[in-house]
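Colleague: Sequence and predicted model, in that order:
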Amino acid sequence: MAKFDKTSRIGFIGAGGVGGALSVALSKKGYPIAAAASRTFASTEKLAARVKGCKACKTTQEVADRADVVIITTFDGAIGPVASGIRWRPGQGVVHCSGVTGLGVFADAVKQGAVPGALHPLQAFASVDEAVNALPGSTFGIEADGDMREYLKAMTLDLGGRPIFLKAEDRPLYHASVVTLGGLFLAMSGVAADIWKNFGVERNDALKAILPIVRGCVDTLEANGLPGGLAGPYARGDVGTVKKHLDSLKARAPQALPMYAHIALAGMGLAREKGRANPKDLDEIERLLKKCIKENPAA
Ligand SMILES: NC(=O)c1ccc[n+]([C@@H]2O[C@H](COP(=O)([O-])OP(=O)(O)OC[C@H]3O[C@@H](n4cnc5c(N)ncnc54)[C@H](OP(=O)(O)O)[C@@H]3O)[C@@H](O)[C@H]2O)c1
């Protein structure tokens, strides 16, 4: 029976944002990062230069040969082909970091006796340094059995993270929820910042103006939960303000109108739950939003 612990040698395949950040963070916590490889050797060398004792390898097989646990941090579509292209030793660990991908992607490796696992850090990995700093306090979604499950849980705790255990069938839904708030929030930021161009403020200057209120919203949400953390014209039932938003977006930033109306409508249940606004005002707001969506369907 395979045993994994803090002395198990780790190899990384895929030297991008997640591979770069996890290898640095794990190395700092005393996990031996023995080897790494990527699609391009330049990426491999960049990762290896930041991680003590890590050998930059030219092939994925060399990484597997040097490691007890291989963590595959390629983009999701390459995980299966990469894992299937390796000769595995019985009892060797193979882990990926995808939110949606199941362990079935490791079928070929498992046939050879490899022990599969998934460790999904619930964090954005745009740059290595920021991601390393953001890992403590982050949740890590784990799918694994037996000793691999205990190993990934211990690894999460060592990184200062919070482990949660997921079933294969729940992972796409879990990931959709995460992307709704994370990835789609970034898209919303772009739409919101671009509105400012209409009154002469460039996108990144607009972001500087908007981000403090985003931080304020996150703090309020953390302090008050849902629906208590809801603020703004919808929580107040401010019909006139909403009408002005819809009219001005329609006239001057029509590309933002469908997103605004759909998200506002999705939040109406929370506004009603909060109970601060007059229900008749919320009915009127809902009517305006539905009318707007009907007249301005998303492109
Ligand atoms: N980004 C996030 O916020 C985030 C958060 C949680 C989990 N994840 C998961 O973490 C994994 C990696 O995501 P990422 O954001 O780090 O992606 P990324 O920045 O695009 O990095 C992927 C790396 O994989 C390498 N690669 C691609 N195909 C390869 C192959 N066939 N063989 C070896 N290396 C290959 C690329 O190499 P080169 O640089 O050499 O071309 C690239 O460095 C994904 O499963 C993703 O779902 C991502």
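Modeller: Here it is on my side, so go on. Numbers count the residues shown, from 1 in each chain.
Colleague: Mind pulling up the pLDDT for the residue nearest to A271 when sequence neighbours are not counted?
Modeller: Sequence neighbours aside, Y234 is the residue nearest to A271 in space, at 4.4 Å (criterion: CB to CB, 6 or more residues apart in numbering). Heads up, the C-betas are built off the backbone N, CA and C, glycines and all. Y234 carries a pLDDT score of 93 in this model.
Colleague: What distance do you get for Y234 to D281?
Modeller: To D281, Y234 is 10 Å away according to CB to CB, to the nearest Å.
Colleague: more neighbours, these two?
Modeller: Taking neighbours as other CB atoms under 10 Å, Y234 and D281 compare with Y234 leading, 25 against 18.
Colleague: Three-state assignment for that one, please.
Modeller: Look at Y234: counting by DSSP: H, G, I helix; E, B strand; the rest coil, its state is helix.
Colleague: Would you agree it is in contact with T241?
Modeller: No: using CB atoms under 8 Å, Y234 is not in contact with T241; the gap is 9.3 Å.
Colleague: Spit out the residues that contact these two alike.
Modeller: Contact criterion CB atoms under 8 Å, 6 or more residues apart in numbering; no residue bridges Y234 and T241 by contacting each.
Colleague: residue in the chain nearest to the ligand?
Modeller: G16 (1.8 Å; CB to the nearest ligand atom).
Colleague: what residues are up against that residue?
Modeller: 38, 43, 73-75, 125.
Colleague: where does it land on pLDDT?
Modeller: 94.
Colleague: May I have the phi/psi pair for it?
Modeller: phi -100, psi -150 (degrees, to the nearest 10).
Colleague: same check, this time on F12
Modeller: phi -110, psi 130.
Colleague: Please enumerate the strands of the protein.
Modeller: Using DSSP state E, the strands found in the chain span residues 10-13, 33-37, 55-56, 69-72, 93-96, 115-121, 139-143, 162-165.
Colleague: so of these, which one's packed in deepest?
Modeller: strand 10-13 (a mean of 29; mean count of other CB atoms under 10 Å).
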